[in-house]
Each structure stands twice: as C-alpha cells, then as structure tokens.
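A.B. asks: Here you go, sequence then predicted model.
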Amino acid sequence: GAVVSQHPSRVICKSGTSVKIECRSLDFQATTMFWYRQFPKQSLMLMATSNEGSKATYEQGVEKDKFLINHASLTLSTLTVTSAHPEDSSFYICSARKGGWASDRQYFGPGTRLTVT
Amino acid sequence: AQKITQTQPGMFVQEKEAVTLDCTYDTSDQSYGLFWYKQPSSGEMIFLIYQGSYDEQNATEGRYSLNFQKARKSANLVISASQLGDSAMYFCAMREITGNTGKLIFGQGTTLQVKP
C-alpha cells in the first residue's frame, strides 16, 4: 500500500499565530509532495510543489513568506502558516508522489482543517 | 494552459440507477493522465479511476468506468448501480507531464446525491 498521514487533522489557532501541518508518507519515500488548499464547496487548488532537499515551487498568487514549506526528509514535508488570519481558514491537503517521475501516482493525506479565530 | 471543466455542480440519481458525471479537458500535451476522485464529507480524497492518454480502451474499476473520447477531449465518469454511499463530491483531474512536475489540475467538482 501507500499511506500518507497528516497531523493534526484539525487545528484552531488565534489570529496572528503560526501553525505547522505535517505530511508524512508512512510506507514509501516521496521525493515530491504537493500541498493543496480547499475552501468549502470548492475545488482543490495547488499551493506548492515540495521537493526533498530543495526549495518549494509555489504557484502563482501563493505567498511564499506566509506559507513556509520544508521537505527535510524523504518521508516528511511541513507547511507552516505564519501569522494566520481568518481568511486562511481552509482545508489543507497534501499528496505524496511514489516515484521520481511525473507519471508516478500521487497518494493523498486525509487533510487538515484549519480554523483561525 | 491546461484546464479541466466539470459543468454539473450538482446531480441527483436514484439508488441502483447509473449516472454519468461530465468532464472535459484542454491541453496541448500529447501525453497526459486523467483521474477521477471521490471526496465524501470527511474530506479524504479517494482515487476511483485512471485513464492514460495513450490507453486505447476505456478504464474500468468495479462499478466505475471512464468514457474516454480523446477527439472530443472528454473523460466522463459512469457509476453503475448507484448506492447511497456514493453520495459525495466528485473531482476530475488531469496530470501535467510537461516539465516533469506531475501536478494535478482539478475541475470544479460535481456533488452527487443518491436518492433512496
């Protein structure tokens, strides 16, 4: 199998604070992970592509200083939402690609629901 | 630029009947992949079916089949014998191969409700 976990599953934080979300591939190594954001009743929007040992590639319009991504090992990528505001409240989903080719399949984590009060 | 379009925001189907969810795409790539995912209210993304651009036969996975019409750039999902547990949001997605990113581009989604 190919299992991806995310932690925490839900988090509530106060406006102005930072929150870190972890994405782990449990039974495979993932050189590439992807971070998506999903607002209620909407589609998944890719935020960034995270590559192990190098800087993340952010999609247009995503603030790299606000959404810090660190892919420090082949099984872990983290997304830190800095100075969170209520408009950052969303469902954040990661996926991990099993293999080094673009054609290799991605496996999704269960998602993290962030609420900023 | 690549684009995925799902024109049905919501669909209803009677239990045990078949339903087709529409998906059209636009790409200039010759090699690409098309996916369908199911997202229940829990939020998890459940992989349903995959079709490669060079696959000559339509993909099937149990009650799911993908009606792939390459010339029309459509990749509709057919769910046969609908069950109450099929009620969820369904997303069509295309995988970019260009640049070796493997990024997935998602359509807007279709909410399916199965009536008893």
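C.D. replies: Good, I have the coordinates. Residues are numbered from 1 along each chain as shown, chains lettered A, B, ... in the order given.

A.B. asks: okay, CA-based contacts and neighbour counts for the rest of this
C.D. replies: Noted.

A.B. asks: If you check chain B against chain A, which residue is the closest one?
C.D. replies: B:Gly102 (3.9 Å; CA to the nearest CA).

A.B. asks: Go ahead and confirm that residue touches A:Gly100.
C.D. replies: No - checked against CA atoms under 8 Å, the pair B:Gly102 and A:Gly100 is beyond contact range at 9.6 Å.

A.B. asks: neighbour-wise, which of the two wins?
C.D. replies: Between B:Gly102 and A:Gly100, counted using other CA atoms under 10 Å in any protein chain shown, B:Gly102 has the larger neighbour count: 24 against 15.

A.B. asks: Point me to the helix or strand that includes the more buried one.
C.D. replies: Using DSSP states H and E, B:Gly102 sits within no helix or strand.

A.B. asks: now swap in the one 10 residues further on and tell me
C.D. replies: With the criterion set as DSSP H and E, the secondary-structure element containing B:Leu112 is strand B:110-115.

A.B. asks: cool, B:Phe12 as well?
C.D. replies: Going by DSSP H and E, B:Phe12 is part of strand B:10-14.

A.B. asks: Does that strand reach chain A?
C.D. replies: No - if you take CA under 8 Å from any CA of the partner chain as the test, strand B:10-14 misses chain A, and the best it gets is 10.9 Å.

A.B. asks: What residues does chain A have near chain B?
C.D. replies: Residues of chain A found near chain B (CA under 8 Å from any CA) are A:34, A:42-46, A:49, A:101-104, A:108-111.

A.B. asks: Now flag whichever of these is closest to B:Asn76.
C.D. replies: The nearest member of the residues of chain A next to chain B to B:Asn76, counting by CA to CA, is A:Ser43 at 17.5 Å.
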